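Peer 1: curious how this folds, go ahead:
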Amino acid sequence: MAKPVLFEGRSSLNNKDQLLVAVFIAAVIHILMVLGVGFSEPETPVQNSRSIDVTLVTTPAKKAPKKAKFLAQANQIGAGEKTHKPEPSAQRIASQGNSHRKQAEQSEQEEITPKAKQKLITQEKAPVKAIAEKKPETSHAAESHPQLTAEALQQQIAQYGAEIRLKQQSADEAKIKTVNSVSAHQYVAAQYVKDWESKVERVGNMNYPEIASRKNFSSTLTMEVGVKADGSIYKIQISKSSGFPALDEAAKRIVRMSAPFPPLPNDLLKELNVLVITRKWKFSDESGMTTP
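Peer 2: Residues are numbered from 1 along each chain as shown. Next up is the predicted model:
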């Protein structure tokens, strides 16, 4: 008797198809796992940072404090009554150092800035100064070779002549003296003046002015007369008028009529070359021309 056949024939899927199905199922499973499961970094516990205050102890204590508030190189027990927390000296030193450094930098900038400005101004003015210094060279060259013309030569001669005359006049005036200023030969000058007065008075009465001949007429004037070494007149000047211009001119005319006078004595010429005689003259219808 034949056995019944439980399964007959080959499977409908071959080995290749089975491999593809397995790969597909594995891919689906991986996709589901990726989408369903989330990844996140583990959170690290945050620890609160704690600062440590460090202070520098200048006077250490023998006994350690029960509860220290600062870290220092030696023990120190506070003795103050302040309740607020003091600022460590290191912070103050740092802040002071920063402030001093900023002030130093600022002062350096302020010092550098004016110097830089001055240097810039000097550089800008340098070309102008160089040009200005070059100009005198041209003028010196022109002065070294002046154009000499006949007119310029004539002007120079006239100028030199005027200077010589001025010097000569100054020298002559230096030896002009009055009778009172004569020192060594005062008596000689006084005698000369007396003789001079006599001559002028004599000539004046011989040529008495008509204006002074009127009845009850009386007037005075002061006259200065300079006599040269040869007796000629150097100058005639009315220092104080009589009030009558005609009488003043008549007095001058009388002196001119009296010239020339005797030459000055040799003793006087040692001191002067012009003797100035100042005398007061009175004109009256009764006494004529006199020296009061």
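
Peer 1: where along the stretch 101-250 of the chain do the strands fall?
Peer 2: Listed in chain order, the strands of the stretch 101-250 of the chain (DSSP state E, counting those that start in this stretch) span residues 176-178, 218-228, 233-240.

Peer 1: quick one: the second one to strand 233-240, angle?
Peer 2: It stands for strand 218-228. Between the direction of strand 218-228 and that of strand 233-240, the angle (axes from the mean of the first three to the mean of the last three Cα atoms, to 10 degrees) works out to 150 degrees.

Peer 1: among the strands of the stretch 101-250 of the chain, which is nearest residue 206?
Peer 2: Shortest separation from residue 206 across the strands of the stretch 101-250 of the chain is recorded for strand 218-228, at 17.9 Å, computed as Cβ to Cβ. All C-beta atoms are positioned from the backbone trio N, CA, C, and that covers glycine.

Peer 1: neighbouring contacts of the closest one?
Peer 2: With contacts defined as Cβ atoms under 8 Å, 6 or more residues apart in numbering, strand 218-228 is touched by 176, 196, 212, 233-244, 247-248, 251-252, 255, 261, 264, 273-285, 292.

Peer 1: now that strand: buried residues?
Peer 2: For strand 218-228, burial by neighbour count (16 or more other Cβ atoms under 10 Å) applies to 219, 220, 221, 223, 225, 226, 227, 228.

Peer 1: the last one and residue 255, how far apart?
Peer 2: Okay, so that is residue 228. As for residue 228, its distance to residue 255 is 14 Å (criterion: Cβ to Cβ, to the nearest Å).

Peer 1: check the fourth one too.
Peer 2: Noted for residue 223: a distance of 7 Å to residue 255, by Cβ to Cβ.

Peer 1: overlap of the contact sets of these two?
Peer 2: Taking Cβ under 8 Å, 6+ apart as the criterion, residue 223 and residue 255 both touch residue 236.

Peer 1: pLDDT below threshold where in the stretch 101-250 of the chain?
Peer 2: Low-confidence segments of the stretch 101-250 of the chain, defined by pLDDT under 70: 101-147, 167-174.

Peer 1: so what's residue 277 up against?
Peer 2: For residue 277, the set of contacting residues under the criterion of Cβ under 8 Å, 6+ apart consists of 178, 179, 193, 196, 224, 225, 226, 227.

Peer 1: before we move on, back to that, which among the contacts of strand 218-228 count as buried?
Peer 2: If we count by 16+ other Cβ under 10 Å, the contacts of strand 218-228 have these buried: 176, 196, 212, 233, 238, 242, 244, 247-248, 251-252, 255, 261, 264, 273-279, 281-283.

Peer 1: related to what we said a few turns ago, quick one: which of the buried residues of strand 218-228 is nearest residue 161?
Peer 2: Residue 161 has its nearest neighbour among the buried residues of strand 218-228 in residue 228, at 22.4 Å by Cβ to Cβ.

Peer 1: so that closest one bridges to which residues?
Peer 2: According to DSSP bridges, residue 274 are recorded as the beta-bridge partners of residue 228.

Peer 1: pLDDT at residue 279, what is it?
Peer 2: For residue 279, the model assigns a pLDDT of 95.

Peer 1: measure residue 274 to residue 268 for me?
Peer 2: For residue 274, the distance to residue 268 - Cβ to Cβ - is 10 Å.

Peer 1: got the buried residues of strand 218-228 as TSV, with distance to residue 26 columns?
Peer 2: Below are these laid out as TSV (distance: Cβ to Cβ, whole Å):
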residue	distance to residue 26
219	165
220	164
221	161
223	160
225	160
226	155
227	161
228	158
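
Peer 1: ok, which stretches of the chain are helices?
Peer 2: Along the chain, counting by DSSP state H, helices occupy 15-36, 89-144, 150-174, 186-206, 245-258, 266-269.

Peer 1: got the contact list for the closest residue to residue 263 other than its chain neighbours?
Peer 2: Closest residue in space to residue 263, ignoring its immediate chain neighbours: residue 231 at 4.7 Å, by Cβ to Cβ, 6 or more residues apart in numbering. Under the criterion of Cβ under 8 Å, 6+ apart, the contact list for residue 231 reads 259, 260, 261, 262, 263, 264.

Peer 1: looking at the residues you listed, which one is closest to residue 16?
Peer 2: The nearest one, if we look at these relative to residue 16 and count by Cβ to Cβ, is residue 264, at 170.8 Å.
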